[in-house]
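Student: Next comes the sequence, and after it the predicted model I'd like to discuss.
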Amino acid sequence: MSDNLSRLDRLRIVREWQAYQLGRTDRTIAELEEREASAARAARVLPPPAPGWKLSVLRAGGGNQADAVHTGDCGMGGKRTQAMTREQALRALTQDGVMACPYCRPDRELGVL
């Protein structure tokens, strides 16, 4: 049967097959681009903002004891910290007698000296 086809007809058949394959490739590329875009959108989830203030806590006598007030970005608080609002940090420094971190000096930022 292929002997009966002219060279031009055979080339047209090859071209049609290549167009079909190119269409499949384009669809696969579009699907993969959409998956990557979806994954990138999902990865853009931002971590929660650091708290403005935090309280470092020590374990003492089977319970927790407040150690110091820190700014939210201070790394000297250790792993055991609790997030605080500005009001809670002020109260801890002024009324509860909790000391201010000597490195980040939250008392300066809070206006308590």
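Tutor: Received it, and whenever you're ready, just let me know what you need. Numbers count the residues shown, from 1 in each chain.
Student: Going by residue numbers, what spans are helices in this structure?
Tutor: 7-43, 86-94, 106-110 (DSSP state H).
Student: right, so of those, which gets closest to residue 57?
Tutor: helix 86-94 (11.4 Å; C-beta to C-beta). Quick note: C-beta positions are derived from backbone N, CA and C, even for glycine.
Student: So what's the gap between the closest one and the chain middle?
Tutor: Mean-position distance between helix 86-94 and its chain equals 29 Å (C-alpha atoms, centre = their mean, to the nearest Å).
Student: Using PDB, write down the CA coordinates of that helix.
Tutor: Extracted C-alpha coordinates of helix 86-94, given in PDB (Å, rounded to 0.1, in the frame of the first residue of the first chain):
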ATOM      1  CA  ARG A  86       2.800  44.800  74.200                       C
ATOM      2  CA  GLU A  87       0.500  45.200  77.200                       C
ATOM      3  CA  GLN A  88       1.500  41.900  78.700                       C
ATOM      4  CA  ALA A  89       5.200  42.700  78.200                       C
ATOM      5  CA  LEU A  90       4.700  46.100  79.900                       C
ATOM      6  CA  ARG A  91       2.900  44.500  82.800                       C
ATOM      7  CA  ALA A  92       5.500  41.800  83.200                       C
ATOM      8  CA  LEU A  93       8.300  44.400  83.400                       C
ATOM      9  CA  THR A  94       6.500  47.000  85.600                       C
END
